[in-house]
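>>> Would you be able to build a 3D model of this:
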Amino acid sequence: MSKLKRGLIVSCQAVKGEPLYGLNIMQYFAKAAVLGGASGIRANYTSDIIAVKNEVNVPVIGIIKEVYEDSDVYITPTIKEVEELLKTGCEVIALDATARPRPNGEKLENLVSYIRKNSPQTEIMADCSTFEEAKAADKLGFDYIGSTMRGYTEYTKGISIPDYGFLKKMKSELNAKIIAEGGIWEISQLDAVLECDPYAVVIGSSITRPMDITKRFAKEFEKWKI
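Sure thing, here's the model as predicted:
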């Protein structure tokens with residue numbers, strides 16, 4: 001049985017350099033999200049994941065964003081981050097599953113094998129940007145495949161997200177459960193995403209990032225002629 005339930009997963013994150021980073025409040029964002037109907041939480045960094053798990057009773061997708069000089073991969077990029085996540089008890093670990101080289105020459109399949117061997121009860125999610133990446137992740141046996149990186153890799157930059165065609169193709173051709181993530185700001189977009197029949201939907205910035213939400217509204221004032 002899948003750890004994640006079908007429904008809305010809310011991403012509660014504050015990364016280094018953002019105003020809310022280090023304030024130990026992500027668990028309260030998560031609590032508010034669950035009270036509002038979220039069936040799962042996606043969280044970043046071990047301290048926030050542990051705090052979230054202590055506050056809410058829904059499954060958590062855990063990630064660690066870490067930047068390495070020799071790679072553009074930053075979402076759970078190496079075994080080091082995987083080991084840290086396994087200690088948190090998060091139900092799902094998400095890995096960047098793009099075709100880009102990982103730090104230190106590490107391989108995606110080795111990270112998957114490590115999780116399967118050391119924590120078989122932990123499910124794994126692939127954050128992809130192209131169908132080819134998603135298909136490769138499916139062959140590796142990922143439990144969930146997400147559209148997380150669509151539009152965020154150099155070779156998909158400029159693609160409009162949510163990419164409904166991408167979601168439909170993954171849904172129709174892959175075995176893993178499909179998770180729609182990225183670019184959902186309006187109810188109309190969510191309605192169109194749900195028409196693609198994903199297993200679950202992750203929404204983050206439009207719910208839990210007040211700086212980004214404010215920027216979006218403030219940008220409209222540029223059109224205001226005084």
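>>> if I pick the most centrally placed residue in the chain, what's in contact with it?
Centroid-nearest residue in the chain: Thr148, 5.6 Å away (criterion: C-alpha atoms, centre = their mean). Residues near Thr148 by C-beta atoms under 8 Å, 6 or more residues apart in numbering: Ile75, Ala94, Asp127, Cys128, Ser129, Ile179, Glu181, Gly182, Val202. Every residue, glycine included, has its C-beta placed from N, CA and C.
>>> what's the answer for Thr130, then?
With C-beta under 8 Å, 6+ apart, Thr130 has these contacts: Thr98, Ala99, Arg150, Thr153, Tyr155, Thr156.
>>> Wait, the third one touches Cys128, no?
Yes: the pair Arg150 / Cys128 is scored as a contact, 7.4 Å apart, by C-beta atoms under 8 Å.
>>> okay, these two: which has more neighbours?
Between Arg150 and Cys128, Cys128 has the larger neighbour count (other C-beta atoms under 10 Å), namely 29 against 26.
>>> Need the nearest residue in space to that one, chain neighbours excluded.
Distances taken as C-beta to C-beta, 6 or more residues apart in numbering place Ala134 nearest to Cys128, at 4.4 Å, with adjacent residues excluded.
>>> where's the one you found relative to Ile178, distance?
8 Å (C-beta to C-beta, to the nearest Å).
>>> now do Ala38
Computed as C-beta to C-beta, the Ala38 to Ile178 distance reads 18 Å.
>>> One more: Leu8?
Leu8 sits 15 Å away from Ile178, going by C-beta to C-beta.
>>> Those two: which has the busier surroundings?
The neighbour count for Leu8 versus Ile178, taken as other C-beta under 10 Å, is higher for Ile178 (25 against 17).
>>> Tell me how far the more buried one lies from Ile64.
To Ile64, Ile178 is 23 Å away according to C-beta to C-beta.
>>> Would you point out the most distant pair within the contacts of Thr148?
Spatially, the most separated pair among these is Ser129 and Val202, at 14.9 Å (C-beta to C-beta).
>>> mind checking how far the lowest-mean-pLDDT helix or strand in the chain is from the chain centre?
Lowest on mean pLDDT, DSSP states H and E among the helices and strands of the chain sits helix 210-220, with a mean of 93. Helix 210-220 sits 22 Å away from the centroid of its parent chain (C-alpha atoms, centre = their mean, to the nearest Å).
>>> packing partners for that helix?
Secondary-structure packing of helix 210-220 (3 or more C-beta pairs under 8 Å, 6 or more residues apart in numbering; DSSP states H and E): helix 205-208.
>>> Please list the members of the contacts of Thr148 that lie in strands.
Among the contacts of Thr148, DSSP state E puts Ala94, Asp127, Ile179, Glu181, Val202 in strands.
>>> ok, now which ones touch the last one?
Contacts were defined as C-beta under 8 Å, 6+ apart; by that measure Val202 touches Ile9, Val10, Ser11, Arg42, Ile61, Gly146, Thr148, Ile179, Ala180, Glu181, Gly182.
>>> Tell me where the protein has strands.
Taking DSSP E to define them, one finds strands in the chain at 7-12, 40-44, 60-63, 92-96, 123-127, 144-146, 177-181, 200-203.
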